[in-house]
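S.K.: how would this look folded up:
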Amino acid sequence: MTGLPQQMALEGVPRSVTIHEVGPRDGLQNETAVLATATKADLVERLAHAGLTSIEVTAFVRPERVPQLADAEALVAELGRRQLPASVRLSALVPNVEGLSRALGAGLHEVAVFTSATESFAKANLNRSREESLAMIAAVLAEAERSGTAVRGYVSMCFGDPWEGAVQVAEVVSVGRRLVDLGCYELSLGDTIGVATPGHVVAMIEALAEVGVGPERLAVHFHDTYGQALANTLAALQCGVSSVDASAGGLGGCPFAKSATGNLATEDLVFQLEGLGVQTGVHLDELVSTSAWMAEQLGRPSASRVVRAMTKEDAR
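M.R.: Next up is the predicted model:
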């Protein structure tokens, strides 16, 4: 494949970045098609061999809520039979202690929990208040500590909410600080409806640093609804953040927030980081091939501009 960028470093950007691949979970949960377990395992295996070392593969949630992920145990079992690189860490989203128990029973050693910065989304997504959600997360973290399970924390609606509109930075900081205090090793800031802009991102990161949650404890999770995901990611990198969530082929959104469109495409992120000389360990050609293949499985074009550009070049 052609089209790789020239490398020109930019001051203030980390020399290496960890990409947390969320396509198999956050991507596929919003697809109308329900893929076969073997196809999902193929996706994870291909992503792993493309160099992604942190992959969120599924969610242990009620099947009627997210039918696309109803095969969580079967998928993890299938992945256990695949030849994945030893460096790959697989994780899953869990909503409560029951979900954690299922994940541990399936053989996973890392999970993610999630809550909302706003009351409205907590009720829409979790069917409980924000405080009730945090209490449930506290129970998950306590059990995870007993079992030696690493837990990552997501905060949704950090930059805007479709019901409440603007979200105050102080609200996000309060919820984020509590997740860290409960024991989350990393806090992922979610722009669920894609309304963040770079100045807002910088203000959020600086506010969290003021309460002791520095950029080394943060990740960012941007949706590209208004085309701002890459710009926002760059702003976060320049603040010292070195962990970024992305979804292969730009898959995903949120089934509980209808204005949310796809995540930042992993290929678009890798292309930018390649141009900045930032190390990711990801092989862009293999990643593009994987997302082009997945687009075929889903019967529609990839949302990633890099995938479209590079596969078009190959077809010439």
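S.K.: Run through who's touching stretch 161-170.
M.R.: Among residues not part of stretch 161-170, those counted as contacts by CB atoms under 8 Å, 6 or more residues apart in numbering are 117-121, 124, 157-160, 192-193, 203-204, 207, 257-259. (Each C-beta comes from the backbone N, C-alpha and C, glycine too.)
S.K.: Now, the residues you listed that are in helices?
M.R.: When the contacts of stretch 161-170 are checked against helices using DSSP state H, the ones located there are 119-121, 124, 203-204, 207.
S.K.: Just put those residues in TSV and tack on neighbour count and distance to Thr225.
M.R.: Formatted as TSV, the entries for the ones in helices among the contacts of stretch 161-170 read as follows, by neighbours: other CB atoms under 10 Å; distance: CB to CB, whole Å:
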residue	neighbour count	distance to Thr225
Glu119	17	22
Ser120	16	18
Phe121	26	15
Ala124	17	17
Ala203	13	20
Met204	25	18
Ala207	15	23
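S.K.: With respect to pLDDT, which of the residues you listed ranks lowest?
M.R.: Ranked by pLDDT, the ones in helices among the contacts of stretch 161-170 bottom out at Ala124 (77).
S.K.: quick one: that residue from Arg89, how far?
M.R.: Taken as CB to CB, to the nearest Å, the spacing of Ala124 relative to Arg89 amounts to 30 Å.
S.K.: Any idea how many residues pack against Trp293?
M.R.: By other CB atoms under 10 Å, 15 other residues sit near Trp293.
S.K.: Check Ala265 too.
M.R.: The burial metric for Ala265, expressed as a neighbour count using other CB under 10 Å, is 30.
S.K.: Contact partners for it?
M.R.: Residues in contact with Ala265 (CB under 8 Å, 6+ apart) are 224, 246-250, 291, 302-307.
S.K.: same thing but at 7 Å, please
M.R.: Taking CB atoms under 7 Å, 6 or more residues apart in numbering as the contact definition, Ala265 lies against 246-247, 249-250, 303-304, 306.
S.K.: If Arg89 is in a bridge, with which residues?
M.R.: On the basis of DSSP bridges, Arg89 is bridged to Ser54.
S.K.: in terms of contact, does it touch Glu56 like I think?
M.R.: No. The pair Arg89 / Glu56 is not scored as a contact, 9.6 Å apart, by CB atoms under 7 Å.
S.K.: Look at those two and report which has more neighbours.
M.R.: Set side by side, Arg89 and Glu56 give different neighbour counts by other CB under 10 Å, the larger being at Glu56 (26 against 16).
S.K.: The helix or strand bottoming out on mean pLDDT in the chain: what's the following helix or strand?
M.R.: In the chain, the helix or strand scored least confidently by mean pLDDT, DSSP states H and E is helix 119-126, which has a mean of 79. Later in the chain than helix 119-126, the nearest helix or strand by DSSP states H and E is helix 130-147.
S.K.: Just the buried positions in that next one, please.
M.R.: The neighbour-count check on helix 130-147 (16 or more other CB atoms under 10 Å) flags 130, 133-134, 136-138, 140-141, 143-144 as buried.
S.K.: Likewise for stretch 26-44?
M.R.: Buried-residue list, stretch 26-44, by 16+ other CB under 10 Å: 26-31, 35, 37, 40-44.
S.K.: how much space between Arg82 and Asp42?
M.R.: Distance from Arg82 to Asp42, by CB to CB: 9 Å.
S.K.: OK, contacts around Thr233?
M.R.: The neighbours of Thr233, taking CB under 7 Å, 6+ apart as the test, are 220, 222, 244, 264, 269.
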